[in-house]
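S.K.: next come a sequence and a model predicted from it.
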Amino acid sequence: MLTRDFFQRDSLALARGLLGMILAHDTPEGVCRGRIVEVEAYRGVRDRAAHSFGGRRTPRNETMYGPAGHAYVYFVYGMHHCVNVVAADVDVPEAVLIRALLPTEGIEIMQRRRASSRAVKVERLCQGPANLSRAMGIDRRHNGFDLLAGPLRIEVGTPLPDRLVAKAPRVGVAYAGVDARRPWRLYERHQTAVSALAGRRR
DNA sequence: ATAATGATTGGC
DNA sequence: CCAATCATTATT
C-alpha cells in the first residue's frame, strides 16, 4: 500500500510518481482497475491554470486545500467529471489531474458504463479525464475520498522508467497565459491510451 | 439576481 | 468547426 508520504510532495513530483500506479474502484458491479498513463500537475497559487490560482478557495476546490492523497473531483461543461489527486501539505492547494488510464480489470463493466452507439475499444475506455471518470464510475460523490485505502484508491503499480516519460503542455488551459505553455503534462511514451486531444510527442 | 465560462467530448 | 449542458464563480 502507498503511504501518505507518497502523495505529500509537490504536484509535479507526484505527477511523475503516479505514472504506472493503479487507480482502483470497488463498485456494486465489481472492481475496476487501470494503470495511470497520463497526468497533469496543477501547481497551486502561482499556477494560472489551477483552480487555486491566486489563493482562490471556494466550495468547489476546498479539497485541494486539504491533506494529500485525497480525491478532488469536480464537474465541468455541464456534463463531465474530472478526478484529481491532492498533493503537498494542508493549505498548499496543489493537485494532479488524472487524464488517462490503460484499463486492466473490469473492462466489461467499463464498457457498459461507456455504452454508446458503437463499441469502445479498450485503449479508449479511459482515454481523457471525463471518459475515465465515466468508465470508472466516479462522480462528485467521491470528492474528498481518501485514496490511500477505501473503495476508490491508488495502488502500487510498476513505476514508469524515465526513458518512457514524455512531457508536454497541458490540455485545455489556453486561458492560463504563460502557464499554458509549461510542460506539466506527463504521459507514457508510445502509449495509445493517452488522450487524443493531447496530441502525441516522443 | 444575472451573466460568463469551463482542467471535455463527440459529431459534422 | 461547434453544440451540448449546467454547476460554479464572478459581477451587479
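M.R.: Perfect, I can see it now.
S.K.: who are the neighbours in contact with A:Gly20?
M.R.: By C-beta atoms under 8 Å, 6 or more residues apart in numbering, the contact set of A:Gly20 is A:35-36, A:157-160, A:188. To be clear about C-beta, it is placed using only N, CA and C from the backbone, and glycine gets the same treatment.
S.K.: pull out the buried residues from these.
M.R.: The neighbour-count criterion (16 or more other C-beta atoms under 10 Å) marks A:35-36, A:157, A:160, A:188 among those as buried.
S.K.: return the strand or helix carrying A:Ala15 as CSV; C-alpha atoms alone will do.
M.R.: Using DSSP states H and E, A:Ala15 sits within helix A:11-18. Written as CSV, here are the backbone C-alpha positions of helix A:11-18 (Å, rounded to 0.1, in the frame of the first residue of the first chain):
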residue,chain,number,x,y,z
SER,A,11,2.3,18.2,-7.6
LEU,A,12,4.9,17.9,-10.4
ALA,A,13,6.9,15.3,-8.4
LEU,A,14,3.6,13.5,-7.5
ALA,A,15,2.5,13.5,-11.2
ARG,A,16,5.8,11.8,-12.1
GLY,A,17,5.3,9.2,-9.3
LEU,A,18,1.7,8.5,-10.3
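S.K.: if we can go back for a sec, let's have the contacts of A:Gly20 in a markdown table, adding secondary structure.
M.R.: Below are these laid out as a markdown table (DSSP: H, G, I helix; E, B strand; the rest coil):
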| residue | secondary structure |
| --- | --- |
| A:Arg35 | strand |
| A:Ile36 | strand |
| A:Gly157 | coil |
| A:Thr158 | coil |
| A:Pro159 | coil |
| A:Leu160 | coil |
| A:Glu188 | strand |
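S.K.: got those as a markdown table, with pLDDT and distance to A:Phe53 columns?
M.R.: What follows is these, written out as a markdown table (pLDDT from 0 to 100; distance: C-beta to C-beta, whole Å):
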| residue | pLDDT | distance to A:Phe53 |
| --- | --- | --- |
| A:Arg35 | 98 | 30 |
| A:Ile36 | 98 | 25 |
| A:Gly157 | 98 | 31 |
| A:Thr158 | 98 | 34 |
| A:Pro159 | 98 | 30 |
| A:Leu160 | 98 | 28 |
| A:Glu188 | 97 | 28 |
